[in-house]
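**Student:** With the sequence up front, the predicted model follows.
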Amino acid sequence: MTWWHRLWRRRQLEEQLDKELRFHLEQHASDLIARGYDPREARRQATLALGGPEQVKEECRDARGTRWLEDLAQDLRYALRTLRQRPGFAAVALLTLALGIGATTVMFTLINGVLLRPLPFPHPDRLLTLNEQTKGITDYRWGDLWAYSYPNYLDCKRESNSLDTAAWRYNGGTVSAPGEAEHVDAVEMSAELFSVLGVTLFRGRAFLPEDDRPGAAPVAIISHGLWQRHYGGSPGAIGKPLVFEGSSYTVVGIAPPGFRLSWEPDVFTPLGQNAQTYMQRRDAHPGIDVWARLRPGTTLEQAQTELALIGRRLAAQYPKTNAGRGFIARPLRQELVVELVGDDRSTLWLLLGAVSLVFLIACVNVASLLLARAVSRQRELALRVALGAGRGRLARQCLTESALLGLVGGALGVWLAATGIRPFVAFWPGSLPRAQEVQLDWHVLVFALAVSLLSGFLFGLAPALGAPTHDLEQILRAGARTVAGSSRRLHSGFVVSEIALAVVLLVSAGILGQTLLRLSSLDPGIDTRNLLITRTALSPSVLANPPRIPAAWRELLDRVRRVPGVQSATMVDTVPLREGNNQIGYWTTSAVPEKHQMPLALSSSVTPDYLKVMGIPLREGRFFDDHDRMGSKPVIVIDEVMAKHTFGNQDPVGKNLWMPDMPCIGPKGETFYDCTDPYEVVGVVGHVRYWGLAGDDQAHVRDQFYYPFAQVPDYFLPRWSELMSIVVRTKIPPLNLLEPLRREARGATGDQVLYEVYTMQQLASRSLAEQRFLLLLFGIFAGLALLLACIGIYGVLTYVTSRRVPEIGVRMAFGASARDVMQLVLRQSLVMILAGVALGITGALAAARLLEHLVTGVRSIGPLTFAAMICVLVVAALIASFLPARRASQVDPMRALREE
Amino acid sequence: MAEKSDLPQGTLELLVLKVVALGPVHGYAIAQRLLHVSRYVVRVPQGSLYPALHRLENRGLLAADWKETETGREAKFYRLTRKGRAQLEKEAASWERLTEAVGHILRLSEGGVQ
């Protein structure tokens, strides 16, 4: 008979067991009767000899080997019954657990989606990212890694036997037909990109090697979204024209929905058709990303060796550009996650840490609830021991109950997480990288299951170990009341640890609140009210003809200024508080050193109205005017930070600075950035918190300077025009002007569009989004922790005082007043609270250190914040203790004593 | 009466196997026979007999059928399986080796440790 057979025929086995033992007893008795015993005495003797039929039966059942399952079923039934008997207890425990597990699951779902999930391509672990690597020149952010130059990429691709490689390059632009003009993200890619990633097109075909060449017929692949927006999702879109950046392309394919590189491109064009000169230059690095897939049977090490070999060969062949330059491959996932997630990673782990504190508090809370119940059930448990239940058996039953609670709580928690995750992701500051990967998958379910069981184990352990095994007689005779003292220490331990955990969360929330207050009160350096910022794409036909560009901008600005409600308007390439910056090295003499030895400053190319529109104060000298133009002396205006940094106490106005990386015309006519002429400082203006309210103080580069857009040579104008934004100061709420501005900007050709529109206040508020978001979550967590801790204190005190009713009765009978009794209880609670606070402060100090390290803008903790948060906690905890204390003080001594 | 058995650990099962090996027999008869066979020297607490029987049955060393006794009542009769017989032989042999060794040592100790 197999064990499940035995389980199946349990009832039959039970009957047989009973029958067998009865036969034994009767046989024994009749033997004894035959020997002359009185029948009643004979039966007694027989029963004594067997040693208690119920115990024998238990042992026989144990021998069956299906015991654990039967017990489990029995325990589950029993647990369900006891939970149903006390719906209040069950509800509180389940709610507590659901919140704890739900919050933890949400955070893990995020971490899983953003940091742990593989890339959404087949065999993602075989995908690599390739870079050039140099000896010598390093950058603080990217180190010695460089983007590929196109000729180097072509050589690596041709010579590698272990890798299938593909290249792509960002290329935004305007789609002007069919449909309404729209600025889109686009990508220039080599023909192999889709096949390397293992992605099949939704419709049509990928690029062929013939497409990926200079002079080939212009073809494009469009995203699923663009297909819907501009072609109405019509299957006839393949073969139709697409006008992108003023050129007509034939649509050959549609990418699958949701296809993304680091972002979601709308238009794909062949990289090989890019006819710019940098495509032929081995020393130019025009932002080409190279991705590769290991061919079957090859390893990363083989690929590395091969790339190193190719690197050495190219260095020998092209020493001028490739000396000291090699190639390196790294796993794509790791790279992509680091690049995309960046700072969000520490935020995620921080939140998981915070949420696990809440989870712990929830566990402690349920543990103390369960323990209180277990102690009042001690009599019942003792009875069961007396009837033959073993210690292990009782512990198992307690754990079954708590595991059941944990699992049901976990199921509720997962349900909470599943409903809560989307709104939560939507609320993430900025946009959460890889947000589309965030979903409840089996990793998350396994995690939630593990957490539920862990919680069940954590809070079930104490009651399980507390099951009585000795002094049964005493327990049974006296009832549970007199033995309650033995668990009091454990209860206090629970309260103390809950308080300590709550202190950590409260102080963290306090620190974040203080930080946010401090940062919000900082002066950004500009007047953020009524400012609208929008990127602007000039008509592709204008961009193709650089000498026409300055006039086109002037005309556009004039039209914008005429829109009713507009006070003034200006142009700028890099906008404070928004992504993007342009760092340029400078020197105070003409003996300019190596590039990486120069100090860096943030440069902005602006029109003369900039200062007035932004509301930046002029400190010294003058700002630009219409006389600063091509041919006049190159001028710049620096900010007060750069003035102090560079010139100390000297007057900067009239001084010269050398900046070889500025766009200018060198002595040999048109050149790439290679200026030898100095720039004259004509003014000093106020500092702007360019890096955001939180980040500016710690930024690497804080020096700022401005130069006139009018002094940018024609050669650079198309590139500069792609970067330009318009800033408008309005007399009415800025977003109300958006539609009129769009209409005015469209221009004669109707293909000039505004995109990435913000108000300056949105940007300022966004620069604190991380701090605000963290504060909100920590606030919620701390609130939850406080609530749970108060419930815990209330529960424990109610329980402990109710056990002390007889003692209190005696005290009152001997003359203690109601006030004395209240003091007695409150003192007891205060001791626990203070112990918890003391313990919590240690943890809070560590948490503060961690926050300082991980969150921009957090400074060392003010003792005031600390004290305030602890006061909140102590007051809340005392209020929670007040009710049980009052109840204790209203004890009627006579009744209390009689009960005893 | 709840005295502990004087039987060494595991011996009860060996004795039970031996008794059952003599022919199909029910639990009460096993208890009686153990009493007689051991001539009241070894006291088998009857309570542990049944769990032992059930363990042996579950391990496949014993099989059981419900049959009528000579007095016409239905009782559970145990018999030895082939596996049980092999186990009995093995355990009996090892028991004999053990007792022999122990006896040997005891005899030695009378002449003093060498």
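**Tutor:** Nice, I can see it. Numbers count the residues shown, from 1 in each chain, chains lettered A, B, ... in the order given.
**Student:** Relative to residue A:863, how far out is the residue nearest to residue A:830 when sequence neighbours are not counted?
**Tutor:** Take residue A:830 and drop its neighbours on the chain: the residue closest to it by Cβ to Cβ, 6 or more residues apart in numbering or on different chains is residue A:878, 7.1 Å away. From N, CA and C alone the C-beta is placed, and that goes for glycine too. Between residue A:878 and residue A:863 the computed distance is 22 Å (Cβ to Cβ, to the nearest Å).
**Student:** Show me which of those two is the more surrounded one.
**Tutor:** residue A:878 (16 against 8; other Cβ atoms under 10 Å in any protein chain shown).
**Student:** name the element that one belongs to?
**Tutor:** Taking DSSP states H and E as the definition, residue A:878 sits inside helix A:863-889.
**Student:** Residue A:677: what secondary structure?
**Tutor:** coil (DSSP: H, G, I helix; E, B strand; the rest coil).
**Student:** thinking it is in contact with residue A:662, fair?
**Tutor:** No - judged on Cβ atoms under 8 Å, residue A:677 makes no contact with residue A:662 at a distance of 9.2 Å.
**Student:** what residues are shared contacts of these two?
**Tutor:** residue A:634 (Cβ atoms under 8 Å, 6 or more residues apart in numbering or on different chains).
**Student:** Leaving out chain neighbours, which residue sits closest to the residue positioned nearest the centre of chain A?
**Tutor:** Closest to where the C-alpha atoms of chain A average out (Cα atoms, centre = their mean) is residue A:348, at 3.5 Å. Spatially, and ignoring its direct neighbours in sequence, residue A:348 is nearest to residue A:111 (5.2 Å; Cβ to Cβ, 6+ apart).
**Student:** Which is the succeeding secondary structure element to the helix or strand hosting that neighbour?
**Tutor:** Using DSSP H and E, residue A:111 maps to helix A:87-111. Note on helix A:87-111: by DSSP H and E, the next helix or strand toward the C-terminus is strand A:127-134.
**Student:** Pairing partners for the helix or strand following that next one, with directions?
**Tutor:** Next along the chain after strand A:127-134, taking DSSP H and E as the criterion, comes strand A:145-146. When sheet partners are counted by DSSP bridges, strand A:145-146 sits next to strand A:127-134 (antiparallel).
**Student:** Would you map the strands across the stretch 251-400 of chain A?
**Tutor:** Secondary structure of the stretch 251-400 of chain A (DSSP state E, counting those that start in this stretch): strands at A:267-270, A:288-294, A:325-331.
**Student:** nope, chain B is what I was after
**Tutor:** Listed in chain order, the strands of chain B (DSSP state E) span B:25-26, B:62-68, B:74-80.
**Student:** Need the residues that contact the last one.
**Tutor:** Strand B:74-80 is contacted from outside by A:16, A:19-20, A:23, A:27, B:17, B:20-21, B:23-28, B:30, B:53, B:57, B:61-69, B:88, using Cβ under 8 Å, 6+ apart.
**Student:** The same query, at a cut-off of 10 Å, please.
**Tutor:** Among residues not part of strand B:74-80, those counted as contacts by Cβ atoms under 10 Å, 6 or more residues apart in numbering or on different chains are A:16-17, A:19-21, A:23-24, A:27, B:16-30, B:50, B:53, B:56-57, B:61-69, B:84, B:86-88.
**Student:** can you tell me which of the residues you listed are in helices?
**Tutor:** The helices, defined by DSSP state H, take in A:16-17, A:19-21, A:23-24, A:27, B:16-21, B:27-30, B:50, B:53, B:56-57, B:84, B:86-88 from the contacts of strand B:74-80.
**Student:** How far does the lowest-mean-pLDDT helix or strand in chain B sit from its chain's centre?
**Tutor:** Lowest on mean pLDDT, DSSP states H and E among the helices and strands of chain B sits helix B:27-37, with a mean of 81. From the chain centre to the centre of helix B:27-37 is a distance of 10 Å (Cα atoms, centre = their mean, to the nearest Å).
**Student:** Excluding chain neighbours, give the residue nearest to residue A:492 in space.
**Tutor:** residue A:832 (5.2 Å).
**Student:** How much space separates the one you found from chain B?
**Tutor:** 47 Å (Cβ to the nearest Cβ, to the nearest Å).
**Student:** Can you mark which positions in the strand or helix carrying that residue are buried?
**Tutor:** Assigned by DSSP H and E, residue A:832 belongs to helix A:818-854. Using 16 or more other Cβ atoms under 10 Å in any protein chain shown as the test for burial, helix A:818-854 gives A:821-822, A:824-826, A:828-829, A:832-833, A:835-837, A:839-841, A:843-844, A:847-848, A:850-851, A:854.
**Student:** what's near enough to touch the nearest residue to residue A:294 once chain neighbours are set aside?
**Tutor:** Residue nearest to residue A:294 in three dimensions, not counting chain neighbours: residue A:126, with 4.4 Å by Cβ to Cβ, 6+ apart. Residue A:126 makes contact with A:163-164, A:198, A:292-296, A:298-300, A:331-332, according to Cβ under 10 Å, 6+ apart.
**Student:** Stretch A:628-637 spans what distance, first to last residue?
**Tutor:** Using Cα to Cα, to the nearest Å, the end-to-end distance of stretch A:628-637 comes out at 12 Å.
**Student:** how far does it sit from the chain's center?
**Tutor:** That offset, for stretch A:628-637, works out to 46 Å (Cα atoms, centre = their mean).
**Student:** average model confidence for that stretch?
**Tutor:** Throughout stretch A:628-637, pLDDT has a mean value of 90.
**Student:** Report the buried residues of it.
**Tutor:** Buried, per 16+ other Cβ under 10 Å, within stretch A:628-637: A:628, A:634-637.
**Student:** Report the two of the residues you listed separated the most.
**Tutor:** A:634 and A:637 (12.0 Å; Cβ to Cβ).
**Student:** Now do the shared contacts for the two.
**Tutor:** Going by Cβ under 10 Å, 6+ apart, residues that sit against residue A:634 and also against residue A:637 are A:628, A:707-708.
**Student:** In helices, which of the residues you listed appear?
**Tutor:** Taking DSSP H, every one of the shared contacts of residue A:634 and residue A:637 sits outside helices.
**Student:** Those residues: which ones sit near chain B?
**Tutor:** Near chain B, judged by Cβ under 10 Å from any Cβ of the partner chain, there are no entries from the shared contacts of residue A:634 and residue A:637.
**Student:** of those residues, closest to chain B?
**Tutor:** In terms of Cβ to the nearest Cβ, no member of these lies closer to chain B than residue A:707, at 92.0 Å.
**Student:** how close does that closest one get to residue A:628?
**Tutor:** Distance from residue A:707 to residue A:628, by Cβ to Cβ: 9 Å.
**Student:** who touches both of these two?
**Tutor:** Between them, residue A:707 and residue A:628 share the contacting residues A:634-637, judged by Cβ under 10 Å, 6+ apart.
**Student:** Need the pLDDT of the spatially most central residue of chain B.
**Tutor:** Chain B has residue B:15 as the residue nearest its centroid, 1.6 Å off, counting by Cα atoms, centre = their mean. According to the prediction, residue B:15 has pLDDT 85.
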